[in-house]
Every structure is written in C-alpha cells, then in structure tokens.
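Participant: I need the structure of the sequence given here:
(2 chains)
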Amino acid sequence: MVRTRFAPSPTGFLHIGGVRTALFSWAYARHHGGKFILRIEDTDAARSTPEAVQAIIDGMDWLGLEYDEGPFYQMQRVERYKAVIHEMLENGSAYYCYMTPEELERLREEQRAKGLKPRYDGTWRPEVGKTLPAPPDGVRPVVRFRNPVDGAVAWKDLVKGYIEIDNTELDDLVIARADLTPTYNFCVVVDDWDMGITHVIRGDDHVNNTPRQINILRALGAAVPQYGHLSMILGDDGQKLSKRHGAVSVMQYDEKGYLPEAVLNYLARLGWSHGDDEIFSMAQFCEWFDLGHITPSAAQFNTEKLNWLNSHYIKQADNSRLASLLAKRFNALGVSVSSEPSLDAVTALYKERVSRLDELAEEVKVFYTDPEFSAELLARHLTSEAQPALETFIDRLERLESWDAPSINALLKECLKIHNLKMPKLAMLLRLLLTGREHTPSIDAIIALFPRDTAIKRLKSAEDSGGLSGG
RNA sequence: GUCCCCAUCGUCUAGAGGCCUAGGACACAACCCUUUCACGGUUGGUACCGGGGUUCGAAUCCCCGUGGGGACGCCA
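Facilitator: Numbering: from 1, shown residues only, chains lettered A, B, ... in the order given. Alright, predicted model coming up:
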C-alpha cells in the first residue's frame, strides 16, 4: 500500500511550490490506490500560526486535493518524540551535548575561516575508550544523534536517480533542543515511520536532509521509504520565489479569477509531462502520474500559459457555475445584479473572450451599471452619417416585434440599407452607447440581452448628452 | 569555502544511441474568418551550454570545464 504525505510548516501562506509538491504527492497516492496524508509541521512554535494552518487547509480545499488522513499536528505528538529520544539515549544512538550556542558559533567561524564545511566536532560524542569532559554547570544540554562516521548513505531518488553522500559530510545533528522540544529532522523521521509513509515526495531543498533522516531511520530500525525530490519552481522572471519576491498565496489565484482546475492542470505540467498532452483532467493526471516523467531541473512559472489554460477552462465551464462565481464577485464589489439580463446569459456570451474571472466580471459589469465613456469617444462614433441611422434604429427598435438577436440583426441591416452605411459605422456607435466600450461581442447579441427599455434608454442617452438633437 | 543537484526554442517540455535536416504547447509574427475586439483556423521564425571521449552512428552514454541552483541552524 502506497502512503504519501504533504508536510508543510504553517509559517506563512501556501504558495505555488507547496501546492505542486502536494499535487504530485496526492496524485502518486491516487495513481496507486494508496493514501495521502496531511501533516502540519508546527514544531517551530515561534513562527507557526493558526492562520497559516487555516490557509493550508483552505488552499487544499479549494484545489480539491483531498487527504485521506490528517491533518496531523506535530505539536500534538511531542510525547511520542520524547519517548523515542529517551530510547535513543538509552541505547546509545543519541547523546547529550553541552556545547553552548556561543561555543558552537565560534567553532563554525573557525571552520569557515579554514575553508571547511562548518559542522559539530563531536566534543560530547561518546566513544569507547574516550573520556568525556565533565558537564558544565548551568548548561542545559541538547540531544544529538550519533551519526555513523564510516561509509556512505545512498538512495535511488525517484526523480534524480542515484545519490550517494559520504557520512563524513554529515555531523551529529541536534534532535532535541535544550528546552527538550524535538527538531524538524527528527520529527519527520518518527512521523514518516509511525505513519507508514512509503514514498516521500518533497522539495529539492530536502536532498541534504535525506541522508541524515535515513541514518536516524536505520538507528531506529525503521523501514526506509523511497524518496523523490522535486525541483523548485522559479518565478515568472526566473528568480527564486520568496516571500519578498513573487511568492503569493494560492488563494490569490482564486481572487484573481483562476479556476482551480486550470491551476492544477498548469502545475501538473510544470516539471512533469505525458508526451505532448497539455490539457487533461485530474482524473486523467492521476491515471498517468507515475513519477516517471518528472523533470529534474527547476521550472520557471509562466503566467501567460496559465492564462491560456484558464481561458480554456472558462470556456469549458458551465454558465451557471461561472455565473455564481461572478455573482460572488459583484457582491464583493457592491454591484447589484438585476434579474435581466441573467448572469447566465451574459456569461454565455462573454466567456469565450476572457482568460480570467476578474476580466469577465469587468466586462459583464456594464450590463448592471450605467456605462461610462468620454465625450471624445462619443464624438468619434456619433458621426453625422451615423446619427440619422441611429434615430431610425431607435425608432424601429421600439416597435420591433420579437426581441431576439436575429430580428435585431435584420433591423440593423435594414437601417444600414436605408442610410447606405457599412456595419461598423452604426455598430460601433451602438456598442459605445450600450456598453461604454468599443470592443464587445457581436452587437445584435448584446442588444438582445438587454431588456428593451434599458437598451432604448441607453441608446437615447446620446440625445441627453446633446449630440442628437443638436441643441 | 565544502558537499549535493541541474543544463533542448524567450518559457513549459517531447526525446531512454539511428524514427531528429530535433516534435508539441504558451508567447510572438503573418494570413484567413469577421460587425469592433476576441475566439477559431492556417502558416512561419527561434533551441540540443562548451570541449573531449565511447560508438559505424550521440540531444541521448562517460569525463572535464562553464553556468545556474540548493544545503551546510538548538528553522522547517
């Protein structure tokens, strides 16, 4: 049984890199009919917040990345960690270290100065035949893991292939702080063990932690899971994403008007491929996703492509779904939506033209609020030849028998013929008067959407502004 | 500094020694469609980091170099 997990630390929002890791982990479990577990790594009490926990859960929720177990909180498992540490102290795979942070810092300085990799020198590490210094007064010790000194740790990384790291590169890491709280690398190991994790799929930045974790796992006599390290996602500008540069909460994609399926599809394709397939459902993705075609190199985020995918999914989406999403936006904007035209109908006409919901809302808004446009713009389209055509059009529109696009279109052509005009001459003017914009879907469809009195009222607004009657 | 990882169009990628005069997608350009703008359709340009090997044959395998990234916490 495959068991994977997503283990974020709740120290900020859930960003796109985290989501991608979660997605791959989730998909791998789904592909193999296994379990996907959510674990909150909140042992850093100072930086973890309940808001961040909620943000993670909200993000997973929005995307539909359902977890089968959890969320588990590490802070609720400290008794277990302490028990394991106690055992390790007993059996000699861990020991107390009385070196103070200041001493440690000094040691690291010296090593760096010599061009060495900074690491703990094993002062307090017990060895056969070695006499340990006497524990100093007033220093509360940390607990260190007794890392093997010989040989190497190797694993076949699911995405990067064979990786081997010499044990001499590793030092005895702290597994419990002076205040007795366990540290990250240790909690991960105990959790992955206890939760029966078979495949650890996580970010690239953990490759260096892997040999340490494997060593602890072995000291514990626990099974070593398989590891797959995903390369990082770079920002649109090729720079590393960070809180102060480019990284945003996944929920901001919702606010911007991206559909979750678009974000998911985009992310799935970032660092993974299935031949030339670009557009696919999550069901399809889970069926395909086997960890086999993951790109080991970092991938740059490309908003343009996300936009393209989003526009695709908007076109695919049900009008009613889009309409209710739109209604929520209008609500937040304080725009009241009248019953005519229905949001469904307007959405149907406009969804082909936008790539985000915020754009859609912006376009559609004109049906529910009075259009605004400049006098210059009006002057440009309210030409002396268009003016009489407009009058004829309004006059006949008021008496038009059936209020639908084909009839309106016929009327439009009739007026053009009478006044010997080309379509754009009149259509552009109507567009502007009705929507305040020069670019809209075809004008007959637009007019048909409006209630007749609203359409007439807006078309007559040219008179009010003084253009038609000539004063 | 030390260790680890990575390297195909601007971007995401296909490519597991011959199918590659390197394919797809986004973006870009041109044309078509057209009632404006989009959508859609057609076409086009642009890439195997460099150098050595191995091989009849290398984008693919090996080595070196270069460039980029990551890690080196009583953070996660």
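Participant: partner residues bridging the nearest residue to A:Q300 once chain neighbours are set aside?
Facilitator: Using C-beta to C-beta, 6 or more residues apart in numbering and skipping residues adjacent in sequence, the residue nearest A:Q300 is A:L234, 4.5 Å away. C-beta: built from backbone N, CA, C; applies to glycine. Beta-bridge pairing for A:L234 (DSSP bridges): A:K240, A:Q300.
Participant: quick one: contacts for A:L234?
Facilitator: A:K240, A:L241, A:A298, A:A299, A:Q300, A:F301 (C-beta atoms under 8 Å, 6 or more residues apart in numbering).
Participant: Any buried residues in stretch A:244-256, and which?
Facilitator: A:G246, A:A247, A:S249, A:V250, A:M251, A:Y253, A:D254, A:K256 (16 or more other C-beta atoms under 10 Å).
Participant: Could you give the bridge partners of the first one?
Facilitator: So that's A:G246. Residues in a beta bridge with A:G246, per DSSP bridges, are A:S242.
Participant: gap between it and A:S338?
Facilitator: 40 Å (C-beta to C-beta, to the nearest Å).
Participant: contacts with RNA strand B among the contacts of A:L234, please.
Facilitator: Of the residues in the contacts of A:L234, proximity to RNA strand B by C-beta under 7 Å from any atom of the strand holds for A:K240, A:A298, A:A299, A:Q300.
Participant: For the second one, which residues are in contact?
Facilitator: Yep, that's A:A298 we're talking about. A:D204, A:S231, A:M232, A:I233, A:L234.
Participant: give me the number of residues near A:T21?
Facilitator: For A:T21, the neighbour count with other C-beta atoms under 10 Å is 22.
Participant: Test my guess that it contacts A:D205.
Facilitator: No - assessed by C-beta atoms under 8 Å, A:T21 is found out of contact with A:D205, at 10.6 Å.
Participant: pLDDT below threshold where in chain A?
Facilitator: By pLDDT under 70, the weakly predicted segments of chain A are A:463-471.
Participant: Relative to RNA strand B, how far out is the closest residue to A:V189 other than its chain neighbours?
Facilitator: Computed as C-beta to C-beta, 6+ apart, the closest residue to A:V189 that is not its neighbour in sequence is A:I216, at 4.6 Å. Noted for A:I216: a distance of 13 Å to RNA strand B, by C-beta to the nearest atom of the strand, to the nearest Å.
Participant: what separates whichever strand or helix holds A:I216 from the chain centre, distance-wise?
Facilitator: Secondary structure assignment for A:I216, by DSSP states H and E: helix A:210-220. Mean-position distance between helix A:210-220 and its chain equals 32 Å (C-alpha atoms, centre = their mean, to the nearest Å).
Participant: Mind giving me the packing neighbours of that helix?
Facilitator: helix A:78-91, strand A:142-145, strand A:152-157, helix A:184-194 (3 or more C-beta pairs under 8 Å, 6 or more residues apart in numbering; DSSP states H and E).
Participant: in it, what's buried?
Facilitator: Along helix A:210-220, these residues count as buried under the neighbour rule (16+ other C-beta under 10 Å): A:T210, A:P211, A:R212, A:Q213, A:I214, A:N215, A:I216, A:L217, A:A219, A:L220.
Participant: SS state for A:Y95?
Facilitator: strand (DSSP: H, G, I helix; E, B strand; the rest coil).
Participant: How much space separates it from RNA strand B?
Facilitator: 14 Å.
Participant: What is the neighbour count of the closest residue to that residue other than its chain neighbours?
Facilitator: Nearest non-adjacent residue to A:Y95, counting by C-beta to C-beta, 6+ apart: A:P126, 5.5 Å away. For A:P126, the neighbour count with other C-beta under 10 Å is 12.
Participant: what's the answer for A:E372, then?
Facilitator: Neighbour number of A:E372 under other C-beta under 10 Å is 9.
Participant: picking up where we left off before, show me which of the contacts of A:A298 neighbour RNA strand B.
Facilitator: For RNA strand B, the contacts drawn from the contacts of A:A298 by C-beta under 7 Å from any atom of the strand are A:D204, A:S231, A:M232, A:L234.
Participant: Among the residues you listed, which one has the most neighbours?
Facilitator: A:S231 (20 neighbours).
Participant: List the residues that contact the closest residue to A:Y96 other than its chain neighbours.
Facilitator: Leaving aside its sequence neighbours, A:Y96 sits nearest to A:P141 (C-beta to C-beta, 6+ apart; 3.9 Å). The neighbours of A:P141, taking C-beta under 8 Å, 6+ apart as the test, are A:Y96, A:C97, A:Y98, A:W124, A:P135, A:A178.
Participant: Excluding chain neighbours, give the residue nearest to the last one in space.
Facilitator: The reference is to A:A178. Per C-beta to C-beta, 6+ apart, closest to A:A178 is A:R140, 4.2 Å.
Participant: wait, doesn't the one you found sit right on A:T181?
Facilitator: No - counting by C-beta under 8 Å, A:T181 is not a contact partner of A:R140; they are 12.0 Å apart.
Participant: the more surrounded of these two?
Facilitator: A:T181 (16 against 11).
Participant: That one reaches A:E79, doesn't it?
Facilitator: No - using C-beta under 8 Å, A:T181 and A:E79 do not qualify as a contacting pair, with a distance of 11.8 Å.
Participant: sorry, back to before: among the helices and strands packed on helix A:210-220, which comes closest to RNA strand B?
Facilitator: Closest approach to RNA strand B among those (C-beta to the nearest atom of the strand): helix A:184-194, 3.2 Å.
Participant: for that closest one, the distance to its chain's centre please.
Facilitator: The answer for helix A:184-194 is 26 Å, by C-alpha atoms, centre = their mean.
Participant: Report the next helix or strand after it in sequence order.
Facilitator: The helix or strand immediately downstream of helix A:184-194 is strand A:199-203, counting by DSSP H and E.
Participant: Show residues contacting that next one.
Facilitator: With C-beta under 8 Å, 6+ apart as the test, strand A:199-203 has contacts from A:2-5, A:7, A:17, A:21, A:24-25, A:28, A:158, A:192, A:225-230, A:232, A:291.
Participant: redo that, cut-off 6 Å
Facilitator: A:T4, A:T21, A:F24, A:S25, A:P225, A:Q226, A:Y227, A:G228, A:L230 (C-beta atoms under 6 Å, 6 or more residues apart in numbering).
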